[in-house]
Structure formats: structure tokens, C-alpha cells
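S.K.: let's see this in three dimensions:
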Amino acid sequence: MKISLIPLSKILVLVIGLWSVTVCAQERTTHVFVERDTALRLDVWHPEVPRSDKACVVALFGGGFVQGSRDNELQTSIAGLLTARGYTVVNPDYRLGLRDSAMVAEHSSLFRLTDLFQWTIDMAVEDCAAACAWVVEHAGEIGVNPERVVLTGSSAGAIAVLQMDYCRANNLAPAAVLPQGWRPAAVVPYAGAVLAKGKPKYKTPPAPTMLMHGTKDKIVAYKRFPPLLSHALRGADSMFKIFKKQGFPCWIVRFEGIGHEVASFLPGSVDLFCGFVEQVFDGRVTTLDATMRDAALTPTRWTDMTVFDLYR
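M.R.: Here you go, the predicted structure:
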């Protein structure tokens, strides 16, 4: 089963992204950032002309916690587009918990499904936090400003970055490796969610966040999944209400009538992505609730696909 989330309408964008990698990134260096059962690596894409503030984007791939890699087509396209704008881009790998067939079989019932996802997501958060800690520790070596590290991700990667900031803000174990007092400058999840028991609460403020989500997404639920359980994945609609109520800087961009296609839409929304980040850097982000229609983003088979279809 292929879980690549790249609609055909974006092939041209990806080609441009691949071209820009060649033209605008002088080099890609690969580093081991943590040892687990195997060594986990990250790629650092260095821009030809770095931004004066040495800003960095850490981008996590998607793939349902089953497949994907740091150097797939989408990640390479993102690296090319953002290095062209002067960002250093870091693409890390992370462990894919749903490849563990024994663990999946043990938690196959609906009522144990959230336990399985908690274990899987916590594992990804640990690796995301380790990658961020490595970036901070090696900031001078790779030429980035540790106070200007933006996190983004697609689908499973979006869940990981949003959940990591939730764990960081609440001093939870999966993010314990992060340097004391550090937080990302911004978080931009493309079809992400937070998994928590009860309504998520933040002991300390989250990073300014822009939630990008399709209103018909049934893979990473736009609202929440499962709908009747307190231990649930809460998508952009639910998380925006929480952020707004607690007064945290947050934008939500709701893609009307679109499903999980949004997960791969960073290349098609790079101007919006960079505009949000610039406002964060300028200290001007408050709250925005926007509904968007984009001719480059049209419904595909992913619009009606559910999480059960994905893992069937």
C-alpha cells in the first residue's frame, strides 16, 4: 500500500522544488542525531544565500507512522523551496511505530487504538525532540540561530511536531531531551493533531502556531477522533478553539471541502508559510481564522478516505 500524499496537481510544484534544490542549496550534509535500535539521521540543506537571521526549518515527513523518509519527494521539494528563500532546512528521520506488527495486533480493538497511537506518537515525539536538541547543540556548526527554529510536518509528521510542542509546554517525558527553556519559534502542522486524555491544557505557552487542515479530513480528523472517547486525537478545529480560549497566538487555515490532500500542500502554500513565519519573527502574530479555497488544491481520492481505509 502506498501512502504518498502528493496529488497529481502538484507535480509541477515538485519539479520546481527539485530544480531549486540543485540551484539554491550548495550542499546537503547528513548526520546521525541519536542512536536508537539503529542510528537515526537527518539531512541539513544549506542555502546558497542564508538569511541574515540564520533561521532554520525542521520538517518531518508523513506516511501514517508506517512509511516515509527524510529524503522523499515532498521533503526534497520543501528543502528546495525554503533554501531558495534563505532558510536552512533540516529533514530528520524518526521511528515508525506502526511497523511493529506485534504491537499493532495487541492493540487492534477500537478501545485500545488510542493506546497504540499514544505509544507510536510518543516515540515520534522523542525522535523529533532529539533532532531539535541536536540542531540547538550544533547550531554554530550548521550556521543556524537556535532561537529561530520553525517546526513543520506533514500528516504523521504534523502530529509529531504539534505533539512535541504540547509535551514541551507541559514538561512531559517524550520531550524531556529538549534544552531547558528552549521552544520552537513557530509550529506549522499540515493536517496535524494532538493526542491527549481529556481536553489538552498548556502549563506554559505553546509556540505561535498556524494550523493547516482540510475540513473533510477523515485520516487525521479535522475535529477529533474517536469522537466519543476522552482520549482522542484533536485536529485543527478542536485545537484552535483551545488556543483561542487560552489566548495563545494561533492561525487556522481551513481548506473548505478538502480532505487529507492538505498534508502535502506546503509547496503550494510556501508564501503563506513564510508570511506567517515572518509575522512571528516580527512579534506581530495574534489570532486568525481563515477559510481558503485554492485552485491548486482540489479533491482527490484522499478527500473521502478514512483512517480505517488507510490502515486496512
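S.K.: hang on, residue 117 in a helix?
M.R.: Yes: checked against DSSP: H, G, I helix; E, B strand; the rest coil, residue 117 lies within a helix.
S.K.: show me what contacts the closest residue to it other than its chain neighbours?
M.R.: Distances taken as C-beta to C-beta, 6 or more residues apart in numbering put residue 195 closest to residue 117, at 5.9 Å, once the chain neighbours are dropped. For glycine as for every other residue, the C-beta is placed from the backbone atoms N, C-alpha and C. With contacts defined as C-beta atoms under 8 Å, 6 or more residues apart in numbering, residue 195 is in contact with 114, 117-118, 121, 159, 163, 231-234.
S.K.: tell me the two of the residues you listed that are most distant?
M.R.: 159 and 231 (14.7 Å; C-beta to C-beta).
S.K.: more neighbours: which of these two?
M.R.: Shown here are residue 159 and residue 231; by other C-beta atoms under 10 Å, residue 159 has more neighbours (29 against 15).
S.K.: from what I can see that one touches residue 121, true?
M.R.: Yes: contact criterion C-beta atoms under 8 Å: residue 159 and residue 121 qualify, at 6.0 Å.
S.K.: which of the contacts of residue 195 are buried?
M.R.: Neighbour-count burial (16 or more other C-beta atoms under 10 Å) applied to the contacts of residue 195 gives 114, 117-118, 121, 159, 163, 232-234.
S.K.: among these, which are located in helices?
M.R.: Mapping the buried ones among the contacts of residue 195 onto helices (DSSP state H) picks out 114, 117-118, 121, 159, 163.
S.K.: take those residues and lay them out in TSV including pLDDT.
M.R.: Below are these laid out as TSV (pLDDT from 0 to 100):
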residue	pLDDT
114	77
117	88
118	92
121	96
159	98
163	98
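S.K.: list just the nearest of the residues you listed to residue 271.
M.R.: Among those, residue 159 lies closest to residue 271 (C-beta to C-beta), at 24.5 Å.
S.K.: can you give me the offset of the helix or strand in which residue 91 is found from its chain's centre?
M.R.: Following DSSP states H and E, one finds residue 91 within strand 88-92. How far strand 88-92 lies from its chain's middle: 12 Å, per C-alpha atoms, centre = their mean, to the nearest Å.
S.K.: need the residues that contact it.
M.R.: The contact list for strand 88-92 (C-beta under 8 Å, 6+ apart) reads 33, 40-47, 50, 54-61, 70-71, 75, 78-79, 82-83, 127-128, 131, 135, 142-144.
S.K.: narrow these to those that are buried.
M.R.: 33, 40-47, 50, 54-61, 70, 75, 78-79, 82-83, 127-128, 131, 135, 142, 144.
S.K.: in helices only, show me those residues.
M.R.: In this view, the buried ones among the contacts of strand 88-92 that belong to helices under DSSP H are 75, 78-79, 82-83, 127-128, 131, 135, 142.
S.K.: farthest-separated two in those residues?
M.R.: Pairwise distances across these peak at 23.0 Å for 83 and 127 (criterion: C-beta to C-beta).
S.K.: next one, pLDDT for residue 104 please.
M.R.: For residue 104, the model assigns a pLDDT of 61.
S.K.: start and end of stretch 138-147, how far apart?
M.R.: End-to-end span of stretch 138-147 (C-alpha to C-alpha, to the nearest Å): 13 Å.
S.K.: strand partners of the longest strand along the chain, parallel vs antiparallel please.
M.R.: Of all segments of type strand in the chain, defined using DSSP state E, the longest is strand 25-35. Paired strands of strand 25-35, with direction, are strand 39-47 (antiparallel) (DSSP bridges).
S.K.: let me see the mean pLDDT of the strand it pairs with.
M.R.: Strand 39-47 shows a mean pLDDT of 98.
S.K.: can you give me the strands in the stretch 151-300 of the chain?
M.R.: Shown for the stretch 151-300 of the chain, the strands assigned by DSSP state E, counting those that start in this stretch span residues 186-190, 194-197, 209-214, 224-225, 231-234, 250-255, 287-292.
S.K.: and of those, who's closest to residue 303?
M.R.: Taking the strands of the stretch 151-300 of the chain one by one with C-beta to C-beta, strand 209-214 is closest: 7.5 Å.
S.K.: from the chain's centroid, how far away is the closest one?
M.R.: Relative to the centre of its chain, strand 209-214 is centred 10 Å away, using C-alpha atoms, centre = their mean.
S.K.: now that strand and strand 287-292, what's the angle there?
M.R.: Relative orientation of strand 209-214 versus strand 287-292 (axes from the mean of the first three to the mean of the last three C-alpha atoms, to 10 degrees): 20 degrees.
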